[in-house]
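> what follows is a predicted protein model with its sequence.
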Amino acid sequence: MSEENRVPADFAWISLVVGDCFYEIAQVKADGREENLLLAIKAYKRALSFYTQERFPSDYAMIQDKLVNVQASLAAQVKQNTGAGP
């Protein structure tokens, strides 16, 4: 990888790890769960700005999968917070 692509790649990888961390925190800590899920979504989207479908199809698919899981958890959390029905 060229030096000019190294910084964006490192930033994208760090964003992916940060997303994983916020998602894990949301799974074990009830206080602030919704905020942590939103931060995970933001981090995953930031990682996707580098890991595009064209350039890194496997990484893109993996991050999209993580993003869907976090969004589903967020929807469930919001539903629980609002007391909405099934």
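Cool, got the structure. In this text, all values refer to a predicted model and were calculated from it rather than measured experimentally. Numbering: from 1, shown residues only.

> and residue 43, what does it touch?
15-16, 18-19, 22 (C-beta atoms under 8 Å, 6 or more residues apart in numbering). Where you see a C-beta, it was placed from the backbone N, CA and C, and this is true even at glycine.

> ok, it to residue 81 distance?
Distance, residue 43 to residue 81, using C-beta to C-beta, to the nearest Å: 22 Å.

> ditto for residue 26
Residue 26 is 13 Å from residue 81, by C-beta to C-beta.

> of those two, which one has the most company?
residue 26 (22 against 10; other C-beta atoms under 10 Å).

> and that one, helix, strand or coil?
helix (DSSP: H, G, I helix; E, B strand; the rest coil).

> which residues touch the residue nearest to it when sequence neighbours are not counted?
Among residues not flanking residue 26 along the chain, residue 36 sits closest, at 3.9 Å (C-beta to C-beta, 6 or more residues apart in numbering). Residues in contact with residue 36, defined by C-beta under 8 Å, 6+ apart, are 22-23, 25-26, 29.
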